[in-house]
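Enquirer: Give me the fold of what follows.
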Amino acid sequence: MEQLDPAAAVRDVGRYIREQRRQAELSLRNLARQAGVSNPYLSQIERGLRQPSAKILKDIAKALRISAETLYLRAGILDPDEQDGDLVAAILREPHLTERQKQVLIEVYRSFRSSTEATSEPDRTGTAAAATTQAAEPST
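Expert: Below you'll find the model as predicted:
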């Protein structure tokens with residue numbers, strides 16, 4: 001999802017927010033209230049007339065119960081190449097997953113990454129792979 005034109009990125013994120021709001025069956029007024037922004041400002045964002053800050057995008061994402069990273073990518077704030085490898089960007093681009101599914105997958109991935117990094121030394125003996133495998137297996 002490369003956006004060379006910043007104005008196109010602003011329009012894209014606005015359209016996307018509107019689509020997500022409608023899918024969530026939220027009125028513009030309700031989403032604005034939940035995100036802590038004014039109705040006119042949210043309307044301008046949705047129409048691609050205003051470029052929201054990262055904080056506003058995060059607040060909107062929280063109100064919509066979607067990943068803030070998704071909005072950051074669409075707004076051109078976050079470069080997909082600067083993610084935790086290409087996996088997070090690939091998950092965010094996957095058209096067959098809902099936003100909630102994407103968010104859960106990313107959270108699971110990051111929890112595995114952090115638990116593996118916290119429990120293993122950077123050796124090459126395979127212990128990190130074993131720790132990851134053990135963390136992925138359900139306990140009995």
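Enquirer: helix/strand/coil for P95?
Expert: Following DSSP: H, G, I helix; E, B strand; the rest coil, P95 is assigned to coil.
Enquirer: And for it, the neighbour number?
Expert: P95: 4 surrounding residues under other CB atoms under 10 Å. (Each C-beta comes from the backbone N, C-alpha and C, glycine too.)
Enquirer: What separation is there between it and I60?
Expert: Separation of P95 from I60 (CB to CB, to the nearest Å): 21 Å.
Enquirer: Check which helix or strand the residue lying closest to V37 once chain neighbours are set aside maps to.
Expert: In space, and not counting its chain neighbours, V37 is closest to I56: 6.2 Å by CB to CB, 6 or more residues apart in numbering. In the assignment (DSSP states H and E), I56 maps to helix 54-64.
Enquirer: list the helices and strands that helix packs on?
Expert: helix 6-23, helix 28-35, helix 39-46, helix 68-75 (3 or more CB pairs under 8 Å, 6 or more residues apart in numbering; DSSP states H and E).
Enquirer: Point out where this protein drops to low pLDDT.
Expert: By pLDDT under 70, the low-scoring segments of the chain are 1-4, 79-86, 116-140.
Enquirer: Just the CA trace of the helix holding I56, in PDB.
Expert: Extracted C-alpha coordinates of helix 54-64, given in PDB (Å, rounded to 0.1, in the frame of the first residue of the first chain):
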ATOM      1  CA  ALA A  54      -1.200  10.000  15.200                       C
ATOM      2  CA  LYS A  55      -3.000  10.600  18.500                       C
ATOM      3  CA  ILE A  56      -6.300  11.300  16.900                       C
ATOM      4  CA  LEU A  57      -5.900   8.300  14.700                       C
ATOM      5  CA  LYS A  58      -5.200   6.200  17.700                       C
ATOM      6  CA  ASP A  59      -8.300   7.500  19.500                       C
ATOM      7  CA  ILE A  60     -10.400   6.800  16.500                       C
ATOM      8  CA  ALA A  61      -9.000   3.300  16.100                       C
ATOM      9  CA  LYS A  62      -9.700   2.600  19.800                       C
ATOM     10  CA  ALA A  63     -13.300   3.800  19.400                       C
ATOM     11  CA  LEU A  64     -13.700   1.600  16.300                       C
END
